[in-house]
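# Got a predicted structure here, sequence first:
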Amino acid sequence: MRVIRAALRYLFHLLYHHFAFAYDFVASIVSLGHWSDWIKSVIPLIHPGRVLELGFGPGHLLLALLGQGMKVFGLDESRQMVRLTTRRLNTHAFAHTKLTRGRSSNLPYKSEVFETIVSTFPSDFIFEKLTQEEIYRVLTEDGRLIILPAVWYRGGGLIQRFMAWLFQATGETPGVLETIKDQYKGRLESSSYKVETHEKTIGSNLLLMLVANKISRS
């Protein structure tokens, strides 16, 4: 399983970078057409004010938030995704949206400027110490971090079972729901957040969302 996971993760790395132009097509296939719905499921949890999306990928959530009149910023380390999303936003007349290529461990923003930071299906970078310190720094006093880390396939059909195996092999579905909830909560609470968990069902899929509300360290 480790060899399969490493190989699949490498393929996904290529897809996110060199083959970014094919990302939407592959995402639609592996999600059975639900990818956009999964990504947008975090929108009701977002606070009014400035929003930063970490790892915005092809930009669908950014576009949806901009369409609702929100003030949105985006950061992604993939040069290809920045270019792709820039073109997408330009096409929809959002040419002045501030997209930045960079790493979450060194956010190029002033302290306490975002009411919400959101990241959908991030890799483990989102829980790394430097990333958590930077997120805490740029969130406002009562800001929140929203993470959509995983999805579980619950359908009994052959395709659903295969997709469930695929997501488990790649780590997108990391384990038993209740165990994963406790692990994620523990990692965030140790970084000075009060954490809530939310679940949402879309079709035969169960999504887990984490809402980490910043608390004072003083």
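Yep, it's here. Residues are numbered from 1 along each chain as shown.

# from here on, contacts and neighbour counts on C-alpha atoms
OK.

# what about the helices in the chain?
Using DSSP state H, the helices of the chain run over 2-16, 23-30, 35-40, 60-67, 79-91, 129-138, 158-170, 177-189.

# among those helices, which gets the worst mean confidence?
For the helices of the chain, mean pLDDT drops lowest on helix 158-170, to a mean of 54.

# thought residue 35 was touching residue 23?
No: using C-alpha atoms under 8 Å, residue 35 is not in contact with residue 23; the gap is 10.9 Å.

# show me what contacts residue 24?
residue 58 (C-alpha atoms under 8 Å, 6 or more residues apart in numbering).

# do you know how far it is from residue 206?
Distance, residue 24 to residue 206, by C-alpha to C-alpha, to the nearest Å: 21 Å.

# what does stretch 52-61 rub up against?
16, 20, 23-24, 36, 39-40, 62, 72-78, 81-82, 84-85, 88-89, 104, 114, 116-120, 122.

# OK, contacts around the residue minimising distance to the centre of the chain?
What sits nearest the mean C-alpha location of the chain, by C-alpha atoms, centre = their mean, is residue 120, with 1.5 Å. Residues near residue 120 by C-alpha under 8 Å, 6+ apart: 39, 55, 56, 147, 148, 149.

# Save the residues you listed as JSON lines, and put in distance to residue 213 too.
JSON lines is the format used below for the contacts of residue 120 (distance: C-alpha to C-alpha, whole Å):
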{"residue": "39", "distance to residue 213": "20"}
{"residue": "55", "distance to residue 213": "20"}
{"residue": "56", "distance to residue 213": "21"}
{"residue": "147", "distance to residue 213": "11"}
{"residue": "148", "distance to residue 213": "15"}
{"residue": "149", "distance to residue 213": "16"}
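
# from these, which two are the most distant?
Using C-alpha to C-alpha, the contacts of residue 120 span at most 13.8 Å, a distance reached by 56 and 149.
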